[in-house]
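# no sequence for this one, just the structure:
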C-alpha cells in the first residue's frame with residue numbers, strides 16, 4: 001500500500017467513518033457530527049472537535065464543488081492520535097457560509113500531514129466528474145474508490 005504522503009487518501013478512511021445519509025441544521029452542526037465520527041473511530045480526542053470549530057471561525061473550509069474539508073487548528077494537533085479521514089454526506093445540503101455543501105471530508109492529521117491531504121483532496125475536486133461522483137455516492141466502497149488516486153486504480 002502506498003504511503004499516505006504519496007497520495008492514498010483511502011488508506012486514511014475507515015469504513016466506519018463513512019456516513020452517507022446525514023442531516024445537519026447548519027455548518028457548525030455538520031462539523032460537530034464530522035468530528036464526532038473521528039472521535040468514535042479513535043482518531044482524535046473530543047477536544048479536537050472544538051479545534052475544528054475554531055478553524056471554521058477563522059477561515060471557511062468550503063473547497064467548492066459542494067465539498068467542505070473541516071479540520072482542526074494547529075493548537076488541536078495534540079488531540080490527534082492518528083491521521084484519519086471521515087466522510088459525511090448530507091444529501092439535503094448544508095448552508096456553508098452562502099455555499100451549499102453536500103459532502104464533508106473531515107481531516108485529523110498530526111504534524112503537517114493535513115497539507116498533503118488537502119492537496120490530494122484538491123486534486124480529486126479539480127476533476128468535476130470525480131467531485132460529482134463523490135457528492136452523489138451512496139455506497140462506502142464508491143467513496144473509497146473515488147479517493148484512490150487515478151494512477152493507482154487497477155480497473
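Alright, I've got the coordinates. Since we're looking at a predicted model, the values are computed, not measured.
# Please count neighbours and contacts with C-alpha atoms only from this point.
Fine.
# low-scoring pLDDT stretches of the protein, where are they?
For the chain, the stretches with pLDDT under 70 are 1-7, 113-114, 149-155.
# 90 instead?
In the predicted model, the chain carries pLDDT under 90 at residues 1-11, 63-65, 74-75, 109-128, 131, 146-155.
# all strands for it, in order.
13-19, 62-64, 67-68, 84-96, 99-108 (DSSP state E).
# which residues of this structure fall in helices?
27-40, 47-58, 113-125, 128-136, 140-146 (DSSP state H).
# With mean neighbour count as added columns, please give the strands of the chain in CSV.
Formatted as CSV, the strands of the chain follow (neighbours: other CA atoms under 10 Å):
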stretch, mean neighbour count
strand 13-19, 18
strand 62-64, 17
strand 67-68, 24
strand 84-96, 22
strand 99-108, 24
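# Could you work out which of those reaches nearest to residue 49?
Residue 49 lies closest to strand 99-108 among these, at 10.0 Å (CA to CA).
# Surely residue 104 and residue 69 touch.
Yes - counting by CA atoms under 8 Å, residue 69 is a contact partner of residue 104 at 5.6 Å.
# Across the sheet, point out what pairs with residue 62.
Per DSSP bridges, the residues bridged to residue 62 are residue 68.
# burial count for residue 78?
14 (other CA atoms under 10 Å).
# likewise residue 125?
Residue 125, neighbours per other CA under 10 Å, totals 19.
# which residues touch the spatially closest residue to it that is not a sequence neighbour?
Take residue 125 and drop its neighbours on the chain: the residue closest to it by CA to CA, 6 or more residues apart in numbering is residue 131, 4.9 Å away. By CA atoms under 8 Å, 6 or more residues apart in numbering, the contact list for residue 131 reads 65, 124, 125.
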